[in-house]
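Peer 1: this one's structure only:
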């Protein structure tokens, strides 16, 4: 699969590194607005071509698929343009800025019969599949606590007066989009859309959410979603049921999963696989394209996740230019 | 201090056992509605007298103070009756059924110049004081996660069709009163009353809350309160700040407290003291009486906690006969 990339920061390099572990992955082209930067990036990462024009790259018949890792704000317009030229698209999480954009993207993917997929790495890991297959072990689920709190180095810059991309609302950024998305995805994958959402958070002066916590109501239980870019935590995440607890080390990159039966002995369910987490999403993306371009199940989830984040942002008063 | 007890279940025995560790504690009398039960309890626990009449016990001039461990519903009327006879009162948590009753109790304690104190054991432990004195270590606080989830053996009975006291709304019971109270107290002690409260929970068919989670808004941070009587959890509680995390093993009986600086090495702050947790509240109660009956600082907190629980119950639709 001949893939072109948009974006030249660490996440694109992580994607390319992970791709090297996947059969059929071939880095065909890279894009940067700056031709010199594009060429340096191509040469460093072994790409055949370097583009500084998206139009030209999307017109390249040798490019079969595009990986988008530009700022969130540009995901939708770049994915639409790529799909318009018949390219398959894997887009770094979140899929786009909001539910409205997600609807347009899904419509375009259907119309062009291409694969569109959100690169939400945790959802494709073996550990995530392991948790999902063992959900019933917990018995009737009563509460789920999902957390991803990580003090961002960019917050140091912010406090010193430099607002980097991560904290810019005009780029559709903030903690819900950056970290929350890793938590909303599993919740919606396991339990569907909640009947009620309550959000509380801390908005930075730029207008993005530095952190938030969200309660989601389900029949018979609640999901607590806790994320932050301005502090860390040592806590695990848990699926808490009447018969026991499933404990997940990190929801964003799940590796160690254990079941703790009520009153019983801990049972390990999953351990680190040794492969980069992103390699599984790439494998799935290539598999989907090769198997005939069936639209992936998580695409509807991507839309539902953005719909929940839309609601969370509304409650927090976080507005994007893209809204 | 010659103390009489109301209630003959395990918590009263735990109180008496803890009292034996405290200088000046003397078990003077015990009460049960059933005289035979009262006498057996007195003889088992070494009390001089056994009463089956509260009126008679409160009239006993040798009784200086009363410990109330009856069902929550009766705390207020029994405390009022005891204070009316000039007795000091320590009342098992929660102080009473709601804020309205708390107001009446506080008024009566002032009027009669007696000590009234809620027996909320965690607030008097060395570990709690240790946490409080180290709060600033965490830097600007950004989130607090306090949890107490414990599958109740009474829930087994409930599922088999037997509703025990713990799940009766007519006794002002349920998870907020039974477990939540241990979490709301520290939050209010540290940060005062929240500006906003959002609650979600699971109501049993009897009308009490089997569990709830509550978000509390403060300036610049949020407090998550998570409790349940119908499932357990292996998670610790945390005070999460920009500079690090204070981790508490169990908020209801804090013993092991540690500070985890951001990017640094864990520092142990507190370890088990070896004394029963309840002995500290008894020590404080006797100290207050001996030092002249100054009303305790946590009494206003007890009222604030009930005010928060009133709000939580209102959002969950949990109504007591006492309301």
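Peer 2: Perfect, thanks for sending it. Note that the structure is a prediction, hence the values are computed from the model and not measured.

Peer 1: Give me the distance from the longest helix along chain A to the chain's centre.
Peer 2: Ranked by number of residues, the top helix in chain A under DSSP state H is helix A:298-316. Centre-to-centre, helix A:298-316 and its host chain are 12 Å apart (CA atoms, centre = their mean, to the nearest Å).

Peer 1: State the mean pLDDT of that helix.
Peer 2: Mean per-residue pLDDT for helix A:298-316: 96.

Peer 1: Give the buried residues for it.
Peer 2: By 16 or more other CB atoms under 10 Å in any protein chain shown, the buried positions in helix A:298-316 come out as A:298-299, A:301-313, A:315-316. Bear in mind the C-beta positions are built from the backbone N, C-alpha and C, glycine included.

Peer 1: Tell me which other helices or strands that helix touches.
Peer 2: With contacts taken as 3 or more CB pairs under 8 Å, 6 or more residues apart in numbering or on different chains; DSSP states H and E, helix A:298-316 sits against helix A:99-112, strand A:116-119, helix A:181-191, strand A:196-203, strand A:209-218.

Peer 1: in chain A, which spans are strands?
Peer 2: Taking DSSP state E as the test, the strands found in chain A are A:2-6, A:26-31, A:49-51, A:65-68, A:88-92, A:116-119, A:141-149, A:196-203, A:209-218, A:221-228, A:237-241, A:244-248, A:257-261, A:267-270.

Peer 1: Please parse chain A into its domains.
Peer 2: Domain assignment for chain A by automatic domain parsing gives A:2-122, A:123-278+A:306-316.

Peer 1: out of the ones you listed, which comes closest to residue B:95?
Peer 2: Evaluated over the domains of chain A, closeness to residue B:95 peaks at domain A:123-278+A:306-316, with 27.1 Å, by CB to CB.

Peer 1: hang on, isn't residue A:181 packed against residue A:91?
Peer 2: No. Residue A:181 lies out of contact with residue A:91 (CB atoms under 8 Å); the separation is 11.9 Å.

Peer 1: residues touching the residue of chain A positioned farthest from its centre, list them.
Peer 2: Within chain A, the residue lying farthest from the chain centre (CA atoms, centre = their mean) is residue A:263, at 35.8 Å. Contacts for residue A:263 (CB atoms under 8 Å, 6 or more residues apart in numbering or on different chains) come out as none.

Peer 1: Likewise for residue A:28?
Peer 2: A:2-4, A:47-49, A:60, A:62-64.

Peer 1: How about the residues of the stretch 151-300 of chain A by chain B?
Peer 2: A:151, A:155, A:196, A:198, A:200-202, A:211, A:213, A:215, A:217, A:220-222, A:224, A:226, A:228, A:230-236, A:238, A:240-242, A:244-245, A:247, A:260, A:262 (CB under 8 Å from any CB of the partner chain).

Peer 1: Filter these down to the buried ones.
Peer 2: If we count by 16+ other CB under 10 Å, these have these buried: A:151, A:155, A:198, A:200-202, A:211, A:213, A:215, A:217, A:221-222, A:224, A:226, A:228, A:230-233, A:235-236, A:238, A:240-242, A:244-245, A:247, A:260.

Peer 1: For residue A:12, which non-adjacent residue is closest in space?
Peer 2: Closest residue in space to residue A:12, ignoring its immediate chain neighbours: residue A:69 at 4.7 Å, by CB to CB, 6 or more residues apart in numbering or on different chains.

Peer 1: Report pLDDT for the one you found.
Peer 2: On the pLDDT scale, residue A:69 gets 98.

Peer 1: Next, count neighbours for it.
Peer 2: 21 (other CB atoms under 10 Å in any protein chain shown).

Peer 1: Can you get me a residue count around residue A:104?
Peer 2: 15.

Peer 1: hmm, back to that, and the strands of chain A as a markdown table, adding distance to residue B:126?
Peer 2: What follows is the strands of chain A, written out as a markdown table (distance: least, CB to CB, whole Å):
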| stretch | distance to residue B:126 |
| --- | --- |
| strand A:2-6 | 57 |
| strand A:26-31 | 60 |
| strand A:49-51 | 64 |
| strand A:65-68 | 55 |
| strand A:88-92 | 49 |
| strand A:116-119 | 50 |
| strand A:141-149 | 28 |
| strand A:196-203 | 32 |
| strand A:209-218 | 30 |
| strand A:221-228 | 29 |
| strand A:237-241 | 29 |
| strand A:244-248 | 29 |
| strand A:257-261 | 29 |
| strand A:267-270 | 36 |
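
Peer 1: pLDDT value on the residue in the stretch 1-150 of chain A positioned nearest to chain B, please?
Peer 2: Closest contact between the stretch 1-150 of chain A and chain B, by CB to the nearest CB, is at residue A:142 (4.0 Å). Each residue has a pLDDT score; the one for residue A:142 is 98.

Peer 1: now swap in residue A:294 and tell me
Peer 2: 62.

Peer 1: What are the buried residues along the worst-scoring helix or strand of chain A on mean pLDDT?
Peer 2: Least confident helix or strand of chain A, by mean pLDDT, DSSP states H and E, is helix A:153-159 with a mean of 93. In terms of neighbour count (16+ other CB under 10 Å), helix A:153-159 has its buried residues at A:154-155, A:158.

Peer 1: same thing with stretch A:254-263?
Peer 2: So stretch A:254-263, judged by 16+ other CB under 10 Å, has buried residues A:254-255, A:257-260.

Peer 1: if I pick the closest residue to residue A:127 other than its chain neighbours, what's in contact with it?
Peer 2: Among residues not flanking residue A:127 along the chain, residue A:254 sits closest, at 3.7 Å (CB to CB, 6+ apart). Residues near residue A:254 by CB under 8 Å, 6+ apart: A:122, A:125, A:127-128, A:131, A:248, A:270.

Peer 1: Just name the closest of the residues you listed to residue A:287, please.
Peer 2: Once CB to CB is applied, the member of the contacts of residue A:254 that ends up nearest residue A:287 is residue A:125, at 15.2 Å.

Peer 1: The closest one reaches residue A:278, doesn't it?
Peer 2: No. Because the distance of 9.5 Å does not satisfy CB under 8 Å, residue A:125 is recorded as not touching residue A:278.

Peer 1: The residue of the stretch 1-150 of chain A closest to chain B and residue A:241: what is the separation?
Peer 2: 6 Å (CB to CB, to the nearest Å).
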